[in-house]
Structures are given as structure tokens and as C-alpha cells.
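Undergrad: what follows is a predicted protein model with its sequence.
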Amino acid sequence: IGLAFGFEYLDNRIKTPQELKASLNVPFLGMVPSLPADKRTTNPLLDNGVPPNFAEAFKSIRTNVLFSTAEEGMRSLVVTSAGPGEGKSLVASNLSLALAQAGQRVLLIDANMRRPRVHEIFGGQQEPGLSNVLSGNAKTSDAIRKSSTPGLWVLPSGHIPPNPAE
């Protein structure tokens, strides 16, 4: 029993929303449940038949994001994580979709220069995109694409540079 308590004491991972608030001093906006294995391989967007609890989690986060901002509302939101494969593209895409469904105008920018995925999720071409615009090889108006959801536009990552960190 002492060993179990010892391991629990040494475990410094964040496990609850209350621990998140206390450790990072940031508001808790919501939690997203994991998808079943069969839904991970298909296109896991809110309008593609995902489980109801998954869709409801994003609608709850959308509401919390909208009500957590100042009078004029938010102008930008960043979705990031410490490592690859943690669901940045999935969260950003579904949150963008949920915001657009609520009547917001949304531009989803895929700034992941290592493993871009937003163009795959929305079924478009990777180029021209953000890296092409930044390097001057394309105009912004050519790189931004309208999605099938009213009010949602997508700017894919573009050509993957040989040195993404720079």
C-alpha cells in the first residue's frame, strides 16, 4: 500500500481540470473524449458521423471559447501541443467547424510545417498554402480555400520546407 501511495505522490501528470487550473493558471475550456479505433481511420469531423459525445464535447468547448473572451470577441486562437500525434489538427479542425456552424467567420490556418494534415481532413490540395505565401510564391487569395461549411475557410500548410524550424 505504501508503494502505491509513493508512486501516486511521484506522479506529476495533470489528471483533472482542477489540477490544470492550479498548475498552469489558465481557464479550463473542456475535454475531448478519445475516438474509437474505427473512427480514427476515417475523417473524424463533426459532420461525418462521429459519436455524439465527441461532437458534444466540441460544441461545449466552442461555447466556452465564445464566452471566455472580451466584449468584441476573440480574433485568434492557437491550438498546439508539445509533441507529434497528440491531435492538434483534429482539435483545430473540429473547433473551427463548430465555430463556423455557430455563425462565426473562421479561417483555419495549418501552420504545421512538419506533419501537415488539415488539407487531408478537409479533402483539398496542400499547395499553394501558408509556406508558399510566406516565401512569396503565391498570393494569399490563391491559397485560401472555401470549405463546404458556410463561414469556414482553410489555409493549408503549403510546400513542406527542408528546414521547418527556421
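TA: Here it is on my side, so go on. Numbers count the residues shown, from 1 in each chain.

Undergrad: run through the neighbouring helices and strands of the longest helix seen in the chain.
TA: Secondary structure of the chain per DSSP state H: the longest helix is helix 52-67. In terms of contacts (3 or more Cβ pairs under 8 Å, 6 or more residues apart in numbering; DSSP states H and E), helix 52-67 is packed against helix 88-101. All C-beta spots, glycine's among them, are computed from the backbone N, C-alpha and C.

Undergrad: show the contacting residues for the residue nearest the centre of the chain.
TA: Nearest residue to the geometric centre of the chain (Cα atoms, centre = their mean): A92, 1.8 Å. In this structure, A92 makes contact with 79, 108, 110, 118, judged by Cβ atoms under 8 Å, 6 or more residues apart in numbering.

Undergrad: any idea how far V106 is from M31?
TA: Separation of V106 from M31 (Cβ to Cβ, to the nearest Å): 22 Å.

Undergrad: SS state for the nearest residue to N112 once chain neighbours are set aside?
TA: Among residues not flanking N112 along the chain, S157 sits closest, at 5.9 Å (Cβ to Cβ, 6 or more residues apart in numbering). Of the three states, S157 takes coil under DSSP: H, G, I helix; E, B strand; the rest coil.

Undergrad: just the helices in the protein please.
TA: Using DSSP H, the helices found in the chain span residues 2-10, 17-24, 37-41, 52-67, 88-101, 118-121, 130-134, 140-143.

Undergrad: okay, now the unreliable bits of this protein?
TA: 36-44, 46-47, 70-74 (pLDDT under 70).

Undergrad: apply 50 and report the result again.
TA: Regions of the chain meeting the criterion pLDDT under 50 are absent.

Undergrad: about what we covered before: the longest helix of the chain: how far from the chain's middle?
TA: Remark: helix 52-67 is offset 13 Å from the chain centroid, using Cα atoms, centre = their mean, to the nearest Å.

Undergrad: how about it: buried residues?
TA: 54-55, 57-59, 61-62, 65 (16 or more other Cβ atoms under 10 Å).

Undergrad: likewise stretch 87-94?
TA: So, applying 16+ other Cβ under 10 Å, buried residues of stretch 87-94: 88-94.

Undergrad: could you do stretch 77-85 as well?
TA: Buried, per 16+ other Cβ under 10 Å, within stretch 77-85: nothing.

Undergrad: endpoint to endpoint, it covers what distance?
TA: 20 Å (Cα to Cα, to the nearest Å).

Undergrad: equivalent analysis for stretch 118-125, please.
TA: 10 Å.
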